[in-house]
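**Student:** Starting from these lines, generate the structure:
(2 chains)
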There are 2 protein chains.
Amino acid sequence: MQALSENGRLDAPAERNAPIGVFDSGVGGLTVVREIMRQIPEEPIVYFGDTARVPYGGKSRETILRYSRQIIRFLKTQHVKAIVVACNTASAFALEEIRQELDLPIIGVVLPGARVAGEVTKNGRIGVIGTKGTIHSGLYREVILNEHPTYEVFGKACPLFAPLVEEHLLDDSVTFEMARRYLKELQECDIDTLVLGCTHYPLLRSTIGQVMGDKVTLVNPAYETAIELRQLLRDHRLSFAGEPLREKYQFFVSDDPATFREFADTILPCPTDRTRQICIDGF
Amino acid sequence: MQALSENGRLDAPAERNAPIGVFDSGVGGLTVVREIMRQIPEEPIVYFGDTARVPYGGKSRETILRYSRQIIRFLKTQHVKAIVVACNTASAFALEEIRQELDLPIIGVVLPGARVAGEVTKNGRIGVIGTKGTIHSGLYREVILNEHPTYEVFGKACPLFAPLVEEHLLDDSVTFEMARRYLKELQECDIDTLVLGCTHYPLLRSTIGQVMGDKVTLVNPAYETAIELRQLLRDHRLSFAGEPLREKYQFFVSDDPATFREFADTILPCPTDRTRQICIDGF
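**Tutor:** The predicted structure follows:
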């Protein structure tokens, strides 16, 4: 039976029970998927990782926008009800343009991360780390200063962090040494809050925390994004309302699924053995 | 006036004076271009760097083959007379299939590198370092053992070397530490020859040399490839025979030229300010 919503519109269960589309340049976005699974476990998800063109972090705005548009066209073929851009670089470079072209609710990871950093800081001095693209876009700074014009925001690109994570050097002397170098500038800026502005970085939380010390709060936008996603679905009357699904999660990649699965299985609590490969240039 | 060649065929100057097409996943192949410029400075070159999809090293054979075919279709629009696959991963995964489809002379970097390693070694124990793709393909081993069945070949993937080079950490303690770890196994194998099986690695020659010590000869396939290319052009009567050109070198990339140029200018002796961007998926 269909429920009549508050505004008198008939809710369409088919639409509410459709999956959420989540995408990233590769495996990093799985840290966002993991948070969504934890916080709204009933929601079905279709994930796309652009493993044939990963990474996005050093590529241009124009290229990232083109890639994001192709991925969204693919996700729409999967009849998703909403889209999560689970990649900071794509959120920074492409989200605003895509939003204007799209007839679905969409969120990225930058706004939720920036918002909570602005709320958490006590001294108004916030650091942001991310890829070259994310930092050069200046979007974290822009969003934070828009809400809190007197704050100071310090960005630092950490291009080796993602390759180090992909080599599983999470708690390693080389990663620690790179963290010490990358974060030195931010330590000297007397920040009390640091945004982990790349989906790989939550996996380095322990190393980054050791370098920055107890007085600096680390903000993980993945966590905040899952919270905002739940609210977004409620606002659009799109929260899942059906019987629990057996095959709730689907994974697609643009390169060989084997390499993806190797990494995915270390992050996610569910199997990814049915991950499928698609040719993303065709979209 | 057209010259009559030894076999009585009329050489076509237009074809002889056409450029050589060289391609790589990004900037690494410029170390090969640099060698070609040194050894056959009269030859015009069209270079393509696939900077929108870089790196190739962790991607699958099928994907690298698809990318290589697209790039060759593009290079043919530039009327190249021969093709150099200046990327070890693409040479390992795609060269043999492409050769069968192509009506132009083509060489990669693996065969020249493997050949010279087989000639240089005294104890018949050879190490090869490269990307995951190059090492897992086993092509260096196959080529060396084909010529010298009693030799032993030890491969080791060094996936962080390319990102470290791209961050300009050439002579740095972090790079030294990673080299120490990656090369430990090879040191224990008592090799006397080490192939630098990725176009980024010649830029780490000093660090790798320090770790391996004086008794190990480092083989740079870029150098050998330029020598074989000169011979290949002679064999096909395709050596440049015209007036010196003013615009001898052309550079194309699939992402924003600015990032490419920043790196290119540290490697090449010529300006790259006219580098053009093309959409490679369209080929």
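**Student:** can you list the residues of the stretch 101-250 of chain A near chain B?
**Tutor:** Residues of the stretch 101-250 of chain A lying close to chain B by C-beta under 8 Å from any C-beta of the partner chain are A:159-160, A:163-164, A:166-167, A:173-174, A:177-178. Quick note: C-beta positions are derived from backbone N, CA and C, even for glycine.
**Student:** For the residue nearest to residue A:148 when sequence neighbours are not counted, grab the count of nearby residues.
**Tutor:** The shortest distance from residue A:148 to any non-neighbouring residue, by C-beta to C-beta, 6 or more residues apart in numbering or on different chains, is to residue A:118 (5.1 Å). Counted with other C-beta atoms under 10 Å in any protein chain shown, residues neighbouring residue A:118 total 21.
**Student:** what does the one 10 residues further on give?
**Tutor:** The burial count assigned to residue A:128 is 30, neighbours taken as other C-beta under 10 Å.
**Student:** Which residue does the stretch 101-250 of chain A have closest to chain B?
**Tutor:** Residue of the stretch 101-250 of chain A nearest chain B, by C-beta to the nearest C-beta: residue A:163 (4.3 Å).
**Student:** quick one: that residue and residue B:165 touch, right?
**Tutor:** No: using C-beta atoms under 8 Å as the test, residue A:163 is too far from residue B:165 to be in contact (11.6 Å).
**Student:** need the helices for chain A, in chain order.
**Tutor:** Using DSSP state H, the helices of chain A run over A:13-16, A:30-39, A:61-77, A:88-101, A:110-120, A:132-137, A:139-147, A:161-166, A:173-188, A:205-212, A:221-235, A:257-267.
**Student:** Adding mean pLDDT, write those helices out as TSV.
**Tutor:** Shown next, in TSV, are these (pLDDT from 0 to 100):
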stretch	mean pLDDT
helix A:13-16	82
helix A:30-39	97
helix A:61-77	98
helix A:88-101	97
helix A:110-120	97
helix A:132-137	97
helix A:139-147	98
helix A:161-166	96
helix A:173-188	97
helix A:205-212	98
helix A:221-235	97
helix A:257-267	93
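**Student:** right, so the ones you listed: which one is the most enclosed?
**Tutor:** Each of these was given a mean neighbour count from mean count of other C-beta atoms under 10 Å in any protein chain shown, and the largest, a mean of 24, is that of helix A:161-166.
**Student:** Point out the other helices and strands that that helix packs with.
**Tutor:** Applying 3 or more C-beta pairs under 8 Å, 6 or more residues apart in numbering or on different chains; DSSP states H and E, one finds that helix A:161-166 makes contact with helix A:173-188.
**Student:** Setting aside sequence neighbours, what's the nearest residue to residue A:139?
**Tutor:** Using C-beta to C-beta, 6+ apart, the closest residue to residue A:139 is residue A:92 (4.3 Å).
**Student:** in chain A, which residue is closest to the centre?
**Tutor:** The centroid of chain A falls nearest to residue A:86 when counting by C-alpha atoms, centre = their mean (2.6 Å).
**Student:** got the phi/psi numbers for that one?
**Tutor:** Torsion angles at residue A:86 (phi, psi; degrees, to the nearest 10) stand at phi -90, psi 40.
**Student:** Tell me if I'm right that it and residue A:21 touch.
**Tutor:** No: using C-beta under 8 Å, residue A:86 makes no contact with residue A:21, being 9.9 Å away.
**Student:** and the residue of the stretch 151-283 of chain A nearest chain B?
**Tutor:** Closest to chain B within the stretch 151-283 of chain A is residue A:256: 3.7 Å, counting by C-beta to the nearest C-beta.
**Student:** hang on, the earlier thing: for residue A:149, see how far away the residue nearest to residue A:148 is.
**Tutor:** Applying C-beta to C-beta, to the nearest Å, the value for residue A:118 to residue A:149 is 11 Å.
**Student:** Which single residue of the stretch 1-150 of chain A approaches chain B most closely?
**Tutor:** Here the stretch 1-150 of chain A gets closest to chain B at one residue, residue A:60, 3.6 Å apart by C-beta to the nearest C-beta.
**Student:** show me the contacts for that residue.
**Tutor:** If a contact means C-beta atoms under 8 Å, 6 or more residues apart in numbering or on different chains, then residue A:60 has A:133, B:255-256, B:258-259 as its contacts.
**Student:** Having no further points to raise, I will conclude here.
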